[in-house]
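# Got a predicted structure plus its sequence, pasted below:
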Amino acid sequence: MTEILIKHADAIVTMDGARSELSGADVLIRGGQIAAVGPGITAPDARQVTATGCVVTPGLVNTHHHLYQTLTRAVPGGQDALLFGWLKTLYPIWQRFGPDEMFVSAQVGLAELALSGCSMTSDHLYLYPNGVRLEDSIDAAAELGLRFHPTRGAMSIGESRGGLPPDSLVEAEAAILEDMIRVVDAFHDARDGAMCRVGLAPCSPFSVSRELMRDTALLARDKGVMLHTHLAENDEDIAYSLSKFGVRPGQYAEDLGWTGPDVWHAHCVKLDRQEIDLFARTGTGVAHCPCSNCRLGSGIAPVRQMRDRGVKVGLGVDGSASNDAGNLIAEARQTMLLQRVALGADAMGAREALEIATLGGAQVLGRADCGSIEVGKRADIAIWDVSGIEAAGHWDAVAALIFCGPMKVKHLFVEGRQVVADGQLITVDLPAVVKRQNRLAQSLRG
Ligand SMILES: [Zn+2]
C-alpha cells in the first residue's frame, strides 16, 4: 500500500477532540487513511513530503456551491442586483447550457476549490436543460480527484404558476423524483471513505411546490441520503415565505420534514432566535456563505449565535455568479471578519474560522470519517506554505493562515492521492480547461 510521510511541519492543526496543535511533527498516510500523527515518525518505504515552513490542516470542506455558475461570472445585468432580480437576469443564460457547459464549468470550479485547500465539496445542481445530467459534474469531480457530494437539485414552479424561474427551466415533479432515484441508485456510496455521496436538493421554497419538498424528504429518508436547499437567504425570502405559506422559513422546513441531522440549509442569514433553536435541537446544519451574502447584500448570518447554541455550521463559496470567486480559505477569513463587523473584534478568532472551514463542514455533510487529522480518518490533508510573502513576518503560523492571505495551498491530498503539488493542480491540464471554459463563455455571450 502506498505510504506518504509528511515531515517536520511547523504546525499540524489536528482538529481532534482537544483541538491539539503539534509543532515539528509528522503525518503518515497509508492508502487512503491517516496511519500516524506525531513527532519523529519513521517509515522507510514512504515517499517523503517536507513541510518545514508549512502549516498542515485537514482539507477544507465546501458545503454549498453551484459549480455551473463559473460560466456566468460578473455578468453585467447581475452585478448589482438583489437575489430575485439577479436570478431573473441569469435564468435566460443558464437555459442555454448543455452537458459540455456543465462538465467544463464544474472542472473550473473544482480546480479553484482544490487550489484553495478544499478536499471535499458539495454541489447543488438544479438546472437540467438540453440533456444535462448530474453525472456531468460527477465525472468532473472524479477526474479532478475531489471528494464529492453532488445534490440532485430541481425547480418545478415556473413563472406561469407564480414561481421565479421561466417555465422552460422547470421540470415535472414526477420526472424529478424519478431522476433522484436514478442518481442515488447509480452514484451514492454510503461507505466510510466514499468519494461520492448524492444528496437531494429542491432549489428553494420559491421554485418548487410544498408537495415536492415533502416527497423529496420522504425519498431521502427511504434511501438514507441527505437533504439540502436554500433557506432564509434575505428579507425578500422571508417576505415570500410569510405571504405564500403564512409561516417563516424555519416553520415551513419543519412542517415538511426538512429538519434533522441529515439536512443542511444554505445561507440562513435571516434565521431568528426560535429558528436557531430549532436547528440546534434537531441537528440541522447550515452552509454559511459570507462572500455571497455580501455580494448580494443579503446581510450577516448569525453564525456566532448559531455556534453558541450548538448549530452545526460549515462554509460555502456559493455559486460563482454570486461571489464570484471560489476560494474557500478566503471564505474562512471573510467569516471571521463579518462576525466582527456585526459583533466586535472578539466575536470570532482565526482558529474557530479554521474549524468551521474543516471539521464544521465535515459535520454538516455527515462525514465523521473526515475533517480532522487523526489516526483512522481519511487522508484529506492541506499543506500551506506560510513562509512566503502573504504571511512574511507573522508571529503565529496558524492564525496567519486566516488573518493573512489570501493563501493558495502548497500540497493537497484527497484520500491519500495528491491533487495539488507545489501549488499546481496535477490531476488535469488546467490551462486547457480554462481555455475551453473561456471559449464556452464567449459563445454564450454570442
Ligand atoms: Zn446557492
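In hand now; what should we look at?

# In three-state terms, label Tyr91 for me.
For Tyr91, the secondary structure call by DSSP: H, G, I helix; E, B strand; the rest coil comes out as helix.

# packing partners for the host helix or strand of Arg304?
Here Arg304, judged by DSSP states H and E, is contained in helix 303-309. In terms of contacts (3 or more Cβ pairs under 8 Å, 6 or more residues apart in numbering; DSSP states H and E), helix 303-309 is packed against helix 273-282, strand 285-288, strand 312-315, helix 328-343. Heads up, the C-betas are built off the backbone N, CA and C, glycines and all.

# give me that answer again for 6 Å
Where contact means 3 or more Cβ pairs under 6 Å, 6 or more residues apart in numbering; DSSP states H and E, helix 303-309 is packed against helix 273-282, strand 312-315, helix 328-343.

# what's the most buried one of those?
Counting by mean count of other Cβ atoms under 10 Å, strand 312-315 has the highest mean neighbour count of those, with a mean of 27.

# Contacts for that strand next, please.
61, 63, 285-288, 303, 306-307, 331, 356-357, 360-361, 363-364 (Cβ atoms under 6 Å, 6 or more residues apart in numbering).

# can I have it written out in PDB, keeping just the CAs?
Extracted C-alpha coordinates of strand 312-315, given in PDB (Å, rounded to 0.1, in the frame of the first residue of the first chain):
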ATOM      1  CA  LYS A 312     -23.500  22.800  13.000                       C
ATOM      2  CA  VAL A 313     -22.000  25.300  10.700                       C
ATOM      3  CA  GLY A 314     -19.900  24.800   7.600                       C
ATOM      4  CA  LEU A 315     -18.700  27.100   4.900                       C
END
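
# Any idea how far apart the tips of stretch 143-158 sit?
34 Å (Cα to Cα, to the nearest Å).

# Quick check: buried residues in that stretch?
Residues of stretch 143-158 classed as buried by neighbour count (16 or more other Cβ atoms under 10 Å): 144-158.

# Any figure for the gap between the residue nearest to Met226 when sequence neighbours are not counted and Arg367?
Using Cβ to Cβ, 6 or more residues apart in numbering and skipping residues adjacent in sequence, the residue nearest Met226 is Gly199, 4.3 Å away. Here Gly199 is placed at a distance of 12 Å from Arg367 (Cβ to Cβ, to the nearest Å).

# Name the residue in these two with the higher neighbour count.
Legend: neighbour count by other Cβ atoms under 10 Å for Gly199 and Arg367, higher for Gly199 (27 against 22).

# Now do the contacts for that one.
His149, Thr151, Val225, Met226, His228.

# Tell me the confidence at the third one?
The one in question is Val225. Note for Val225: predicted pLDDT of 98.

# returning to what we had before: gap between the residue nearest to Met226 and Asp222?
Counting by Cβ to Cβ - Gly199 and Asp222 are separated by 14 Å.

# before we move on, back to that, out of the contacts of strand 312-315, grab the one that's most surrounded.
Among these, Gly361 has the most neighbours (other Cβ under 10 Å), with 35 neighbours.

# mind checking which helix or strand that residue is in?
Assigned by DSSP H and E, Gly361 falls in helix 361-364.

# and the next helix-or-strand element following that helix, what other elements does it pack with?
Next along the chain after helix 361-364, taking DSSP H and E as the criterion, comes strand 381-385. Contact here means 3+ Cβ pairs under 6 Å, 6+ apart; on that basis strand 381-385 packs against strand 54-58, strand 411-414.

# closest one to Ile276 among the ones you listed?
Ile276 lies closest to strand 54-58 among the helices and strands packed on strand 381-385, at 26.2 Å (Cβ to Cβ).

# Quick check: what element follows the closest one along the chain?
Following strand 54-58 in sequence, per DSSP H and E, is strand 60-62.

# contacts for that following strand?
Residues outside strand 60-62 that contact it (Cβ under 6 Å, 6+ apart) are 113, 117-118, 120-121, 314, 316-317, 328, 357-358, 361-362.

# between those residues, which is closest to Glu21?
Lowest distance from Glu21 to the contacts of strand 60-62 (Cβ to Cβ) belongs to Thr358, with 13.0 Å.

# count of neighbours near that closest one?
By the measure other Cβ under 10 Å, the count of residues near Thr358 is 31.

# So it versus Leu401, what's the distance?
The spacing between Thr358 and Leu401, counted by Cβ to Cβ, is 11 Å.

# pLDDT at the residue lying farthest from the centre of the chain, what is it?
Ranking residues of the chain by C-alpha distance from their mean position (Cα atoms, centre = their mean) puts Pro44 at the top, at 36.9 Å. pLDDT recorded at Pro44 is 96.

# thinking again about what came up before, please flag which of the buried residues of stretch 143-158 sit within helices.
Counting by DSSP state H, the part of the buried residues of stretch 143-158 found in helices is Leu144.

# in what helix or strand does Val184 lie?
Counting by DSSP H and E, Val184 is part of helix 173-187.

# Now name the helix or strand holding the nearest residue to Thr282 once chain neighbours are set aside.
Excluding the flanking residues, the one nearest Thr282 by Cβ to Cβ, 6+ apart is Thr259, at 4.1 Å. Under the criterion DSSP H and E, no helix or strand holds Thr259.

# Verify the stated contact: Thr259 with Arg281.
No. Contact criterion Cβ atoms under 6 Å: Thr259 and Arg281 do not qualify, at 8.4 Å.
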